[in-house]
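Undergrad: quick one: sequence and predicted model below, then my questions.
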Amino acid sequence: MTNVIETNKLTRKFNGFTAVDSVNLQIKEGELFGLLGPNGAGKTTTLSMLSTILKPTSGTAEVNGFDVDTQQDEVRNSIGIVFQDPSLDDELTAYENLDFHGMIYGMPADERKQRIKEVIELVDLSEKINMQVKKFSGGMKRRLEIARGLIHHPKVLFLDEPTLGLDPQTRRNIWDHIIEMNKSEKVTVVLTTHYMEEADSLCERVAVIDHGKIIALDTPEKLKHSIGGDIISLEADPGLLPHLKKIKNIKKIKNMNGEMNISAEDAEHVIPIIFDIAQKNKLEIHSISLRHPTLEDVFLQLTGKSIREEKAGVLDRFRTRIRSRNR
């Protein structure tokens, strides 16, 4: 299977701040690929370079065989994109939004009409096609934006935080449409997200990005397997920690904000041992739980912090200021 996206040491700096730092990616044709990381990690900046919105400071990138720096028109004709921020015209109907986008890509009228019918059915909005977009719910607008991104038969569809701000039920509905679209359209999908379950449910492979660097890249299952067992979350007397390090089946311990996250093999048998040690040493256990590892645990193991602890980066703060000014 050929690669539809390739980057080599792709880098972007802003006034001395390195937002994306020597990123190397190879994304296969037809793949559903995820960039997972906290706000400010470099996800949107990476997509912006791949979609020719931003020029790389250094390094190279090719999309559908075209260089993002020297062949921008060819790249743009090869891609669709759904931005983080809404970009539909609320005063137009769904049909008019799609028709206008098709005209921008130079599609003949008959082809536009047929293609609009196909993509509007794909996102299950056929009954709303003549409704003004300002009457749409947030989830309906997101689905319409996905349809718009597909109007010109792109080889690659970029989805930047496609379910940001949506309720859980609507998010899962969007996930179903993304999976169906990826299969039926045979389009490569690259999405950014900081929702762990979104990357886990949708993506065939995930690149974990932090501070502009790719710190892990594999299938969700292999990333979770790298933890080395199930996770025991424990709140207890700090004096218990030295004793835990002596237990044979415990592989790793991360102590974060008073909670110990313990990676252990055969964890069901480790828990009684922990209770026995605590009782013998008169150390109190406040709470204990057992679960299978998640991508959140992968991020925690790699960085020593939770993805939710990460604060918005320079670009996110800039974007927030722009939104406030526009309002």
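TA: Nice, thanks for sending it over. Numbers count the residues shown, from 1 in each chain.
Undergrad: who's in contact with the most centrally placed residue in the chain?
TA: Among the residues of the chain, the one closest to the centroid is Thr193, at 2.4 Å (CA atoms, centre = their mean). Thr193 makes contact with 34-36, 43, 161-163, 199, according to CB atoms under 8 Å, 6 or more residues apart in numbering. Yep, even glycine has a C-beta here, placed from its N, CA and C like the rest.
Undergrad: ok, Val75 next?
TA: Val75 makes contacts with 51-52, 63-64, 66-68, as judged by CB under 8 Å, 6+ apart.
Undergrad: again, 6 Å this time
TA: Counting by CB atoms under 6 Å, 6 or more residues apart in numbering, Val75 makes contact with 52, 63, 66, 68.
Undergrad: okay, now Ser184: neighbour count?
TA: 11 (other CB atoms under 10 Å).
Undergrad: top helix in this structure by residue count?
TA: helix 168-185 (DSSP state H).
Undergrad: list the buried residues for stretch 34-48?
TA: If you call a residue buried by 16 or more other CB atoms under 10 Å, then stretch 34-48 has these buried ones: 34-48.
Undergrad: nearest to Ile120, of those residues?
TA: Nearest to Ile120 among those is Leu47, at 25.0 Å by CB to CB.
Undergrad: rewinding a little: the residue nearest to the centre of the chain and Ala41, how far apart?
TA: 11 Å (CB to CB, to the nearest Å).
Undergrad: now swap in Gln301 and tell me
TA: Remark: distance between Gln301 and Ala41 (CB to CB) = 16 Å.
Undergrad: over to Ile178?
TA: For Ile178 relative to Ala41 (CB to CB), the value is 21 Å.
Undergrad: now Glu6
TA: For Glu6 relative to Ala41 (CB to CB), the value is 21 Å.
Undergrad: which of the contacts of Thr193 fall within helices?
TA: Short answer: the contacts of Thr193 in helices (DSSP H) are 43, 199.
Undergrad: as CSV, the contacts of Thr193 with distance to Arg148 and pLDDT would be great.
TA: As requested, those are exported to CSV (distance: CB to CB, whole Å; pLDDT from 0 to 100):
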residue, distance to Arg148, pLDDT
Gly34, 21, 96
Leu35, 21, 96
Leu36, 25, 94
Lys43, 21, 95
Glu161, 17, 93
Pro162, 13, 92
Thr163, 17, 92
Ala199, 24, 94
